[in-house]
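Undergrad: Sequence unavailable; structure follows:
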């Protein structure tokens, strides 16, 4: 047995770029072992991955954990949301998975919104207005562009569902992840037959939606993963819902996550339904709700700008009046799937460091624009923002968020909050505890608080103005796209 006070559990984060696994002591929250293995993702407008590499990456990450993984009593998978995984009768992928940041289904998103009663219908029925990120639009794209592949499909899964099913042999999902598909009705917490009929998707192809806290199965025989036979498997959930669990998040606290995508969200007790489409009305993994806004361009986009400029990502300089909208992958918030990056206000005296700062400003502006809509009116605007994700420890990211939000910022010391949230869920099915309470017992949100600075209204106003004026350009599909 590893040096730990209590039983061990495994929490997994299968993200866009890699799979990470943590072995965690249930009693203390101590991470006793960890591992990570990369994924391959296609570039360009279409973003795809072979789901089988996620399974291979999971095995490699667990093998890096050594004997601790074999001692684990329960496991949970947190995964990238929205991805369309299509399986044949043998359980093998029909084609590579269409990922959340694949924007080719933007026309299908617009058409579905119009065909089924408009944005208000979708917000009231599913909690969200579909964009190119949502799984329902990807299925519509597949049936239109690859009908033979669609006809071969015998099971439709999300990324975390796929891995959970390979562990247990049973097709299950959870309310947190399924709420991002566009075919789950948040009002009734069931699959929406009208939407499924509209896109020609048979309900029998979809997984069962497990209850929060349910044991969905045990690790079956016939695999090469370092788990003991009979290890309990929790429902798992989407990455943002898992991170909310990992923070032990309670209503009234805002989270700003800086990763491949940028997200801002909070836990709510009332079901959200935003007809503007800015806020997605997701469910959380416990029984509450997780209103969330998401951008496609965050840390990778800013890092790309730094690379083009030949700068370290921290080499920002103040004093710029240039505006850079780093919409390199199209954008989701605002909903501009055909957009590309846009630079405005370049002068002879503009420095490379100022251009880089402008990229940070453009990325953060999009997130903060949705913050008030996510939080509602019953929260304290002076409360710290919880800053998480790969960019959260970057000084330039921290300072940009402080300057543009005018709020204090807290940076949790705990890393890999998606995997920690999955571990808390696994601990919950093992002990019967509320997984968010488990995370609070582990004190995962502990971290330094950076004081508020005056809000930079001039920069926010300038970016908003450029965004408004450039709308026709940003809505136009690039000629070489």
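TA: Alright, I've got the coordinates. The shown structure was predicted, so the numbers you read here are calculated from the model rather than taken from an experiment. Numbers count the residues shown, from 1 in each chain.
Undergrad: hey, let's count contacts and neighbours off CA atoms from now on
TA: OK.
Undergrad: Mind giving me the packing neighbours of whatever helix or strand residue 245 lives in?
TA: Secondary structure from DSSP states H and E places residue 245 in helix 239-247. Counting contacts by 3 or more Cα pairs under 8 Å, 6 or more residues apart in numbering; DSSP states H and E, helix 239-247 is packed against strand 72-79, helix 417-431, helix 435-442.
Undergrad: Which neighbouring elements make contact with the biggest helix by length in the chain?
TA: As assigned by DSSP state H, the longest helix anywhere in the chain is helix 352-368. Applying 3+ Cα pairs under 8 Å, 6+ apart, one finds that helix 352-368 contacts strand 262-265, strand 289-295, helix 299-309, strand 323-325, helix 395-405, helix 457-469.
Undergrad: Looking at the ones you listed, which is nearest to residue 125?
TA: Comparing the helices and strands packed on helix 352-368 by their distance to residue 125 (Cα to Cα), the top pick is strand 289-295, with 14.6 Å.
Undergrad: So which bits of that closest one are buried?
TA: 289, 290, 291, 292, 293, 294, 295 (16 or more other Cα atoms under 10 Å).
Undergrad: what does stretch 337-344 give?
TA: Across stretch 337-344, burial judged by 16+ other Cα under 10 Å covers 337, 338, 339, 340, 341, 342.
Undergrad: ditto for stretch 362-379
TA: In stretch 362-379, counting by 16+ other Cα under 10 Å, buried: 362-371, 373-375.
Undergrad: Please list the outside residues in contact with it.
TA: With contact meaning Cα atoms under 8 Å, 6 or more residues apart in numbering, stretch 362-379 is reached by 252-254, 256, 262-266, 278-279, 291-295, 297-298, 302, 323-326, 333-334, 400-401, 404-405, 460, 463.
Undergrad: Likewise for stretch 410-418?
TA: Stretch 410-418 is contacted by residues 12-13, 78, 239-240, 242-244, 246-247, 384-389, 392-393, 444-450 when judged by Cα under 8 Å, 6+ apart.
Undergrad: mind running it again at 6 Å?
TA: For stretch 410-418, contacts defined as Cα atoms under 6 Å, 6 or more residues apart in numbering pick out 13, 239, 242-243, 246, 384-387, 444-449.
Undergrad: just stretch 242-256 next, same as before
TA: Stretch 242-256 is contacted by residues 78, 263-268, 379, 385-387, 417-418, 420-422, 436, 439-440, 444-445 when judged by Cα under 6 Å, 6+ apart.
Undergrad: Name the residues of that stretch that come out as buried.
TA: Neighbour counts over stretch 242-256 (16+ other Cα under 10 Å) mark 242-250, 252-256 as buried.
Undergrad: Just name the closest of those to residue 131, please.
TA: Nearest to residue 131 among the buried residues of stretch 242-256, counting by Cα to Cα, is residue 256 at 20.7 Å.
Undergrad: wait, is the closest one part of a helix?
TA: No: under DSSP: H, G, I helix; E, B strand; the rest coil, residue 256 falls outside any helix and is assigned strand.
Undergrad: Check it and give its pLDDT.
TA: For residue 256, the pLDDT comes out at 94.
Undergrad: Same question for residue 478.
TA: Residue 478 carries a pLDDT value of 63.
Undergrad: any low-confidence regions in the protein?
TA: For the chain, applying pLDDT under 70 flags the ranges 1-4, 222, 376-379, 478-481.
Undergrad: which residues make contact with stretch 317-327 from outside it?
TA: Residues from elsewhere that reach stretch 317-327 (Cα under 6 Å, 6+ apart): 297, 340-346, 353-354, 358-359, 362.
Undergrad: would TSV of those residues with distance to residue 93 be doable?
TA: Listed next are those as TSV, based on distance: Cα to Cα, whole Å:
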residue	distance to residue 93
297	28
340	31
341	34
342	37
343	40
344	44
345	47
346	47
353	45
354	46
358	41
359	38
362	37
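Undergrad: from these, which is closest to residue 213?
TA: The nearest one, if we look at those relative to residue 213 and count by Cα to Cα, is residue 297, at 33.3 Å.
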